[in-house]
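Student: Structure of the sequence below:
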Amino acid sequence: MRLFVFTKKEDCNIYLCFEEIFKRKKGEFYLFELLNFETIQPLLQADKSNIVIIDYESYGQDTLSFVERLKKNYSNLQIIITNAPQNVDLAVKFFTKGVQYFLTTDLDKNCLCSILNEISESLSLPVDSSEEVVSFFVGNSKPIRRIKEFLPTIAETNCNVLIVGETGTGKELLARVIHQLSPRRNGPFITLDCTTLQETIFESEVFGYEKGAFTGAVHFKKGLVELADGGTLFIDEIGELPLPLQKKFLRFIQEKTFLRVGGTKFLKADVRIIAATNRNLEEEVRKGNFRADLYFRLNTLIIEIPPLRERKEDLPLLLEHFLKLKAQELGRPFKGFSKKFLECLLSYNWPGNVRELINVIERVLVLAKEGYLTEDLLPNYLKNFDLSLNNSEEQGKESSTKHSLSLPEIEKEVILEALKKHNWNQTKTAEYLGISRKQLLTKLKRYNLLKRKEKQDKAKVQ
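Tutor: Here you go, the predicted structure:
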């Protein structure tokens, strides 16, 4: 494995730290100041994996012609552009020439490990297991880098963790990464989804039941906490847990003991608790919707995942990652995308976050002809959102009031319009919006749109 870095910057500490990584892994590292093809050509070997990093700030427009010559002679070369301007036209040009990564910031250690993991099939260089696991959480923005930086330390402890973030930001993925980095990695990772758990069966599902405990209990059953013994219990959307159930769960967290339904003997379960929520639990505590003692038990360590709209610089990395992943999963070719396609993605605010992006990627890959992605393949709501932004910019101050809605309000209006268009058919509406029916139902409850439909139906009857 060989890494070639081109930069004119005197402070090369960022790149020199890569040299240490490659030396430990028996890789080869080369640092160049001049952007010269003849200098690098003798060092590029067909039997070795080669990665080239070019600092755009150092060479400007000369970078593109250099990249073109490299790819023309070495098509399998992995090329990373760093410190590039936030320019859609320029990004499209580089992607068209075969560049794998177009970054508007410096490349740090965690991001490098993420990229190494992405192209691991073509690398002869083994990646450290902890770095590989962290790299699954794709991104190079400042908040994501901070999360990656502290993940190994957080994982080593046995403390409870509370992950806060909007729907679709990757809370469960982060919980799995923490589990894989922890001493419990060889134990089970069990998920408890509070949005789907009915209150009447909470105890039997979470704590299990004994034979004969109720009609139909023909044998004993282990609950989720018992199944998670020696591992991690991930409680997804704990803010949805009703108050009576919060009390029961608090007792287990405090004592790590429980009773199966119909049982008389207390059992122990050694589990680490990682909880996640898209709600502001402090606000829910003030409103009386969430127990303060349970909140303080859970928030020993809090990790907040920013929404995708607040880390748009990660979108090219995410796009590259999931296009490769989903193209392979779906058995569909991917050859590139149009300028307008990328503009639409960058203009959109992604209320459904990374999960919504994945849904869109799957859609366009399935619909694309010969693997080329164009804007006409995108969902209507995404294209319309882009148009509304362009119109608001042209109209100026006169339309500023109209477009001053918050993102939740915009999302609510988009969902409401989609429901009306499909006569409140949830399956068709979810398909139109590019989300699952379960996601749609969660949003309908959040925005009280189900109650709105009930009122409309009653009005029609009267």
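Student: ok now do Arg437, which residues does it touch?
Tutor: Listed by CB atoms under 8 Å, 6 or more residues apart in numbering, the contact set of Arg437 reads 426-427, 430. To be clear about C-beta, it is placed using only N, CA and C from the backbone, and glycine gets the same treatment.
Student: Columns pLDDT, distance to Leu267 and secondary structure on top of these, output as a markdown table?
Tutor: Shown next, in a markdown table, are those (pLDDT from 0 to 100; distance: CB to CB, whole Å; DSSP: H, G, I helix; E, B strand; the rest coil):
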| residue | pLDDT | distance to Leu267 | secondary structure |
| --- | --- | --- | --- |
| Gln426 | 86 | 41 | helix |
| Thr427 | 83 | 42 | helix |
| Ala430 | 76 | 40 | helix |
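Student: Angles on the backbone of the nearest residue in space to Ala292 that is not next to it in sequence, please.
Tutor: In this structure, Ala292 finds its nearest non-sequential neighbour in Val285, 4.9 Å apart by CB to CB, 6 or more residues apart in numbering. Val285 adopts backbone torsions of phi -70, psi -40, taken as degrees, to the nearest 10.
Student: I figured Val285 was touching Phe296, is that so?
Tutor: No: counting by CB atoms under 8 Å, Val285 stays clear of Phe296, with 9.1 Å between them.
Student: So for those two, which sits in the more crowded spot?
Tutor: Here Val285 and Phe296 are compared on neighbour count by other CB atoms under 10 Å; more neighbours surround Val285, at 16 against 10.
Student: and the more buried one, what is it in contact with?
Tutor: By CB under 8 Å, 6+ apart, the contact set of Val285 is 291-292, 295.
Student: Keep only those of these that are in helices.
Tutor: Members of the contacts of Val285 lying in helices (criterion: DSSP state H): 292, 295.
Student: buried subset of the contacts of Val285?
Tutor: Buried subset of the contacts of Val285 (neighbour count, 16 or more other CB atoms under 10 Å): 291, 295.
Student: could you dump the contacts of Val285 to JSON lines with pLDDT and distance to Ile253?
Tutor: Shown next, in JSON lines, are these (pLDDT from 0 to 100; distance: CB to CB, whole Å):
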{"residue": "Arg291", "pLDDT": "93", "distance to Ile253": "11"}
{"residue": "Ala292", "pLDDT": "92", "distance to Ile253": "14"}
{"residue": "Tyr295", "pLDDT": "93", "distance to Ile253": "11"}
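Student: closest to Asn160 among the contacts of Val285?
Tutor: Using CB to CB, Tyr295 comes nearest to Asn160 of the contacts of Val285, at 10.9 Å.
Student: ok, that closest one touching Leu281?
Tutor: Yes: shown here, Tyr295 and Leu281 form a contact pair, counting by CB under 8 Å, at 5.2 Å.
Student: Need the contact partners of stretch 62-75.
Tutor: For stretch 62-75, contacts defined as CB under 8 Å, 6+ apart pick out 35, 37, 40-41, 44, 50, 52, 54, 56, 59, 77, 79, 81, 93-94, 97-99.
Student: switch the cut-off to 10 Å
Tutor: Residues outside stretch 62-75 that contact it (CB atoms under 10 Å, 6 or more residues apart in numbering) are 4, 6, 35-37, 40-41, 44-46, 50, 52, 54-57, 59, 77, 79, 81, 84, 90, 93-94, 96-99.
Student: Could you name the helices and strands sitting against the helix or strand that contains Arg146?
Tutor: In this assignment (DSSP states H and E), Arg146 forms part of helix 142-156. Packing partners of helix 142-156 (3 or more CB pairs under 10 Å, 6 or more residues apart in numbering; DSSP states H and E): helix 109-118, helix 129-135, strand 161-164, helix 171-181, strand 301-304.
Student: ok, the third one: who's next to it in the sheet?
Tutor: Paired neighbours of strand 161-164 in the sheet (DSSP bridges): strand 272-277 (parallel), strand 301-304 (parallel).
Student: Pipe those into CSV and attach mean pLDDT, mean neighbour count and distance to Gly239 per row.
Tutor: Rendered in CSV, the data for the strands paired with strand 161-164 read as follows (pLDDT from 0 to 100; neighbours: other CB atoms under 10 Å; distance: least, CB to CB, whole Å):
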stretch, mean pLDDT, mean neighbour count, distance to Gly239
strand 272-277, 96, 26, 4
strand 301-304, 93, 15, 14
